[in-house]
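[1] here you go, sequence then predicted model.
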Amino acid sequence: MTITAPLSALNSPVPAARPTGTARGFALYVGFDEAKAAAAGTDLGTIVSALKRALAEVAPGAEAFASVALAPEGAGGRDVDVVRLALRDPSAVSKFRPADQKEGGDQTGVVIDVTRRHLLLDGDRVSLTFKEFELLQYLVLREGRTIERTELIESLWSAAADEEIPNERTIDVHVRRLRAKLGRYEDIVRTVRGVGYRFDRHADVQIRQSHAPSPDRGF
């Protein structure tokens, strides 16, 4: 799971001001459109190259990735807000989403609310069993990592003395039932052939939680 925090929070003397975990990098949103760059006698490619050179000097070995946010001609609003929304910065998306969509409404896409333990598809609440949500949450909190079937069994069933511990084929059945309830978004739970399952976030998937400590220490 990708965890974000304001840069100011990373140096805050108050421990509660930032999520727990180790910072692995940061995103810097730059609002400066092509017309303004041209008026200043430069272009966006030149600016990006200069920033990358500066990064190489202050943080040798750091990896960098640049993405340009495109907006229709005449799009209003502050440049930096347009960039943050186009690149789906979570705090910007939440801030600018209409009030009638924040709890469902006419919203399209997937909302996985880890804190409240519920799932919304296109604004409609989906009824999941306790184990179905546990399975989905386990994958979501380990976004991008392929989880073996044996790990799912050990983590989600081994501690439950009153439940029959499933085998690997039974795990496949649980995943099929979960996917059936995800409908047209079923491929966010992806099969990695011969290994297990992985959560793949799409642009229309939103994860909600009050805090997000990493479930995998050292991973």
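    Structure received. All values derive from a computational prediction rather than experimental measurement.
[2] please count neighbours and contacts with C-alpha atoms only from this point.
    OK.
[3] what does stretch 171-179 rub up against?
    Contacts with stretch 171-179, where a contact means Cα atoms under 8 Å, 6 or more residues apart in numbering, come from 128, 132, 135-136, 149, 152-153, 185-187, 189.
[4] among those residues, which two are most distant?
    Checking the contacts of stretch 171-179 against each other with Cα to Cα, the farthest-apart pair comes out as 153 and 185, at 24.1 Å.
[5] for the residue sitting furthest away from the middle of the chain, helix, strand, or coil?
    In the chain, the greatest distance from the average C-alpha position (Cα atoms, centre = their mean) is reached by residue 41, at 36.8 Å. Classification of residue 41 by DSSP: H, G, I helix; E, B strand; the rest coil places it in coil.
[6] that one and residue 35, how far apart?
    Counting by Cα to Cα, to the nearest Å, the separation of residue 41 from residue 35 is 10 Å.
[7] in strands only, show me the contacts of stretch 171-179.
    Applying DSSP state E to the contacts of stretch 171-179, the entries found in strands are residue 189.
[8] which of the contacts of stretch 171-179 sits closest to residue 79?
    Within the contacts of stretch 171-179, the smallest distance to residue 79 is 31.8 Å, found for residue 185 (Cα to Cα).
[9] count the neighbours of the closest one for me.
    Residue crowding around residue 185 was assessed by other Cα atoms under 10 Å; the count is 16.
[10] what sits against it?
    110, 179.
[11] kindly report the same for residue 205.
    Contacts of residue 205 by Cα under 8 Å, 6+ apart are 109-112.
[12] so how far is residue 39 from residue 202?
    For residue 202, the distance to residue 39 (Cα to Cα) stands at 36 Å.
[13] neighbour count for those two, which is higher?
    Neighbour tally, residue 202 and residue 39, criterion other Cα under 10 Å: the higher count belongs to residue 202, 12 against 9.
[14] what about the more buried one, which helix or strand?
    Taking DSSP states H and E as the definition, residue 202 sits outside all helices and strands.
[15] would you mind measuring from it to residue 177?
    Between residue 202 and residue 177 the distance, using Cα to Cα, works out to 20 Å.
[16] do residue 85 as well
    With distances taken as Cα to Cα, residue 85 is found 34 Å from residue 177.
[17] give me the more crowded residue out of those two.
    Set side by side, residue 85 and residue 177 give different neighbour counts by other Cα under 10 Å, the larger being at residue 85 (18 against 13).
[18] in three-state terms, label that one for me.
    Secondary structure state of residue 85, per three-state DSSP, is helix.
[19] touching, residue 181 and residue 124? I think so.
    No. Counting by Cα atoms under 8 Å, residue 124 is not a contact partner of residue 181; they are 11.7 Å apart.
[20] next, count neighbours for residue 111.
    Residue 111: 23 neighbours (other Cα under 10 Å).
[21] A helix includes it, no?
    No. Residue 111: not assigned to a helix; according to three-state DSSP it is strand.
[22] bridged to it, which residues?
    The partner list for residue 111 in beta bridges (DSSP bridges) reads residue 120, residue 206.
[23] and residue 189, by the same measure?
    With DSSP bridges as the criterion, residue 189 is bridged to residue 199.
[24] so who does it touch?
    Contact partners of residue 189, counting by Cα under 8 Å, 6+ apart, are 139, 179, 197-200.
[25] could you do residue 40 as well?
    The neighbourhood of residue 40, defined by Cα under 8 Å, 6+ apart, contains no residues.
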